[in-house]
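Engineer: coordinates only, sequence not included:
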Ligand code: FES
């Protein structure tokens, strides 16, 4: 099945079964390696992307449900030369640790701050709770 996707502000056409997890399309077809494969079960958050403003697990979003939504991946928010403010904060605080789950932490923080400019301490603690 051919589907159109909006990823990081660009339109893409991909050919895959409608039940293919978006994560596989991002990594294998589009070469976007910000989202990671961790558990594949919606439990670890390594695959987090932002879909229409909400942080979601791309391993749990089938291609046919991703079509028509505005998807943002870690690859689309900043670069090594021009990191996103959340990425700069992670660098400044040396927050990467092992690095594998960092994608989910950053994308969750970005989704929180995009929707809530004055988060409480509880909001901040809850945002990465699923990672
Ligand atoms: Fe673990 Fe998607 S890979 S939640």
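Structural biologist: Arrived safely. For clarity, every value in this text was computed on a predicted model and none was experimentally measured.

Engineer: residues from the chain in reach of the ligand?
Structural biologist: Taking C-beta under 6 Å from any ligand atom as the measure of proximity, the chain contacts the ligand at 37-40, 42-47, 57, 59. No exception for glycine: its C-beta is placed from N, CA and C like everyone else's.

Engineer: isn't residue 71 right next to residue 3, touching?
Structural biologist: No - between residue 71 and residue 3 there is no contact, the gap being 11.8 Å when judged by C-beta atoms under 8 Å.

Engineer: Tell me which of these two has more neighbours.
Structural biologist: The residue with more neighbours, out of residue 71 and residue 3, is residue 71; 25 against 18, by other C-beta atoms under 10 Å.

Engineer: tell me the secondary structure for that one?
Structural biologist: strand (DSSP: H, G, I helix; E, B strand; the rest coil).

Engineer: Strands along the protein, start to end?
Structural biologist: Using DSSP state E, the strands of the chain run over 2-7, 10-15, 48-51, 54-57, 70-72.

Engineer: Turn these into CSV, including distance to residue 128.
Structural biologist: Formatted as CSV, the strands of the chain follow (distance: least, C-beta to C-beta, whole Å):
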stretch, distance to residue 128
strand 2-7, 23
strand 10-15, 28
strand 48-51, 9
strand 54-57, 9
strand 70-72, 17
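
Engineer: need these in a markdown table with mean pLDDT, can you?
Structural biologist: Compiled in a markdown table, the strands of the chain are given as follows (pLDDT from 0 to 100):
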| stretch | mean pLDDT |
| --- | --- |
| strand 2-7 | 96 |
| strand 10-15 | 97 |
| strand 48-51 | 98 |
| strand 54-57 | 97 |
| strand 70-72 | 98 |
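
Engineer: before we move on, the earlier item: who wins for neighbours among the residues of the chain next to the ligand?
Structural biologist: residue 47 (29 neighbours).

Engineer: That one and residue 33, how far apart?
Structural biologist: Distance, residue 47 to residue 33, using C-beta to C-beta, to the nearest Å: 11 Å.

Engineer: Kindly report the same for residue 51.
Structural biologist: 18 Å.

Engineer: for the chain, what's the longest helix?
Structural biologist: In the chain, with assignment by DSSP state H, the single longest helix is helix 102-115.
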